[in-house]
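Participant: coordinates only, sequence not included:
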């Protein structure tokens, strides 16, 4: 797919037929040419212009189908970073060491191509699935999936009913890696929620030679410092995917006795959470995270801004709600507003007031944490057995997705949603940034995983 820039920008129109999405026709043409059997032998439906749904009918239509997912779009490449790339970001360059370079190699063209490659091989072998297999390919995952996955999920739910799908497999951040001298395959069984909060400080403008004690920018700075001074505390509770992983690591890995003892004693979990929470990555599994991402205000060095605005993104803990975060923020910021002798308004409060006021609102997606998928039972056994076939020495453990996937639209479709990278994470580098690349061995293991998963579904004992 060299040269094809299926980038999703935040300002893309909601109308999927808009010409800005036409590049996906080029990608579709490439896939149709490259995987002719997949396109000629499976049933195809176009969903909302660029959503692609392929159905491989099974020999036992009474069994609940399988859904395998990927998305066609990628995050944009910042033009100012192009010179930092070792190889051009849309070249698909393959170097002598087996690395495939380019935007989308890790997220997630490898899976998209891998699914089609595995299916082509099965078709060559005249494999007949027992369960119907659905391939659901959205095209706007990087901007929320409202045009793609949402429409695909609704169609699948109408056709097969609520919880009408036996298992869904989609992308994840976790795959196969080495910890505690042991190989673990970490399968995402949960996904954090998402909330973006806007703050607006509205004050009287004027000439900067006659400033008030606190300008709008200064007040906003104090508000944001207050937020960063009160982050959520890390905590471990029964059912947390990280705790489940640590319990498996304590059983099977080379873990020191002190840590093993803390994992196995519930009264030690608060201290364990505090210690583990010092790690930037692991802490994301233990709390609602907070990231101040956007601040803007003045436009001239000698003019006081009348409006200063910020956006802060929250990824909601697996066992909290978006309202928990909103309530916390109001409790923190309202007293601070009063200390500046300013009004504070959350959402639609104090309509018409546009001076000497701090306003809190939400922006864009407001999503609760996903239901937690069971890490036991037939679906888990199918996933685990397939992974063990490919990585025999690996311990399969539950994990979680700390970002968002298209599965957010599929909660009603299945109770068994797994997010997983079927490869060594050492061979998948630089998601969403400069020099994104995947090793050919990781791409091959992706193909092998889906090939074996579809084969293993024959005779699988599940409703």
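Facilitator: Nice, I can see it. The shown structure was predicted, so the numbers you read here are calculated from the model rather than taken from an experiment. Residues are numbered from 1 along each chain as shown.

Participant: ranges for the helices of the stretch 201-350 of the chain?
Facilitator: 216-228, 241-252, 257-264, 269-276, 280-283, 322-339 (DSSP state H, counting those that start in this stretch).

Participant: can you map out the strands along the stretch 1-150 of the chain?
Facilitator: With DSSP state E, counting those that start in this stretch, the ranges of strands along the stretch 1-150 of the chain come out as 43-47, 51-56, 66-71, 99-101, 133-138.

Participant: okay, the ones you listed in a markdown table with distance to residue 115 and mean neighbour count next?
Facilitator: Glycine gets a C-beta too; all of them are placed from N, C-alpha and C. Shown next, in a markdown table, are the strands of the stretch 1-150 of the chain (distance: least, CB to CB, whole Å; neighbours: other CB atoms under 10 Å):
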| stretch | distance to residue 115 | mean neighbour count |
| --- | --- | --- |
| strand 43-47 | 14 | 14 |
| strand 51-56 | 9 | 22 |
| strand 66-71 | 6 | 26 |
| strand 99-101 | 17 | 21 |
| strand 133-138 | 6 | 26 |
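
Participant: secondary structure class for the most centrally placed residue in the chain?
Facilitator: Nearest to the mean C-alpha position of the chain, by CA atoms, centre = their mean, lies residue 404 at 2.6 Å. With DSSP: H, G, I helix; E, B strand; the rest coil as the basis, residue 404 sits in coil.

Participant: Residue 409 is in contact with residue 147, isn't it?
Facilitator: No. Contact between residue 409 and residue 147 fails when scored by CB atoms under 8 Å: they sit 10.8 Å apart.

Participant: Residue 290 and residue 442, how far apart?
Facilitator: Distance of residue 290 to residue 442, given as CB to CB, to the nearest Å: 32 Å.

Participant: I misspoke; the intended subject was residue 105.
Facilitator: Going from residue 105 to residue 442 by CB to CB gives 9 Å.

Participant: can you check residue 458 too?
Facilitator: Relative to residue 442, residue 458 is positioned 26 Å away (CB to CB).

Participant: and if you look at residue 186?
Facilitator: Look at residue 186 and residue 442: by CB to CB, they are 15 Å apart.

Participant: Likewise for residue 432?
Facilitator: From residue 432 to residue 442 the distance is 17 Å (CB to CB).

Participant: can you check residue 173 too?
Facilitator: Relative to residue 442, residue 173 is positioned 14 Å away (criterion: CB to CB).

Participant: again, but for residue 76
Facilitator: 23 Å.

Participant: can you check residue 222 too?
Facilitator: With CB to CB as the criterion, residue 222 and residue 442 are 47 Å apart.

Participant: who has more neighbours, those two?
Facilitator: More neighbours surround residue 442 than the other of residue 222 and residue 442, with 27 against 16 (other CB atoms under 10 Å).

Participant: so that one sits right up against residue 449, yeah?
Facilitator: No. Residue 442 is beyond contact range of residue 449, at 10.5 Å (criterion: CB under 8 Å).

Participant: Name the residues contacting each of those two.
Facilitator: Common contacts of residue 442 and residue 449 (CB atoms under 8 Å, 6 or more residues apart in numbering): none found.

Participant: Please, where are all the helices along the stretch 51-200 of the chain?
Facilitator: Under DSSP H, counting those that start in this stretch, the stretch 51-200 of the chain gives helices at 110-124, 149-160.

Participant: residues making contact with the longest one?
Facilitator: Residues from elsewhere that reach helix 110-124, judged by CB under 8 Å, 6+ apart: 1, 31, 34-35, 37-38, 41-42, 56, 68, 70-72, 100, 135, 137, 171, 438, 442-443, 446-451, 454-455.

Participant: And the nearest residue to residue 215 once chain neighbours are set aside, how far from residue 208?
Facilitator: Among residues not flanking residue 215 along the chain, residue 304 sits closest, at 5.8 Å (CB to CB, 6 or more residues apart in numbering). Residue 304 sits 6 Å away from residue 208, taking CB to CB as the criterion.

Participant: Which one of the two is surrounded by more residues?
Facilitator: Shown here are residue 304 and residue 208; by other CB under 10 Å, residue 304 has more neighbours (21 against 14).

Participant: correct me, but residue 315 touches residue 403?
Facilitator: Yes. If you go by CB under 8 Å, residue 315 and residue 403 touch, sitting 7.5 Å apart.

Participant: Run through the residues that contact residue 164.
Facilitator: 64-65, 156-157, 413-414.

Participant: Go again with 6 Å.
Facilitator: residue 64 (CB atoms under 6 Å, 6 or more residues apart in numbering).

Participant: now do residue 147
Facilitator: So residue 147 contacts 16, 48, 140 (CB under 6 Å, 6+ apart).

Participant: Find me the pLDDT at it, would you?
Facilitator: What the model reports as pLDDT for residue 147 is 98.

Participant: Please report how far it lies from residue 378.
Facilitator: Counting by CB to CB, the gap from residue 147 to residue 378 is 33 Å.

Participant: Check residue 34 too.
Facilitator: As judged by CB to CB, residue 34 and residue 378 stand 34 Å apart.

Participant: residue boundaries of the strands in the stretch 351-463 of the chain?
Facilitator: 357-367, 395-401, 417-419, 428-429, 437-439.

Participant: so can I have CSV of those showing mean neighbour count, mean pLDDT and distance to residue 332?
Facilitator: Below are the strands of the stretch 351-463 of the chain laid out as CSV (neighbours: other CB atoms under 10 Å; pLDDT from 0 to 100; distance: least, CB to CB, whole Å):
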stretch, mean neighbour count, mean pLDDT, distance to residue 332
strand 357-367, 17, 96, 10
strand 395-401, 24, 95, 27
strand 417-419, 25, 98, 32
strand 428-429, 20, 96, 38
strand 437-439, 23, 97, 42
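
Participant: between those strands, which one is nearest to residue 333?
Facilitator: strand 357-367 (6.8 Å; CB to CB).

Participant: Neighbouring strands of that closest one in the sheet, and parallel or not?
Facilitator: Strand 357-367 has the following strand partners under DSSP bridges: strand 193-202 (antiparallel), strand 343-346 (parallel).
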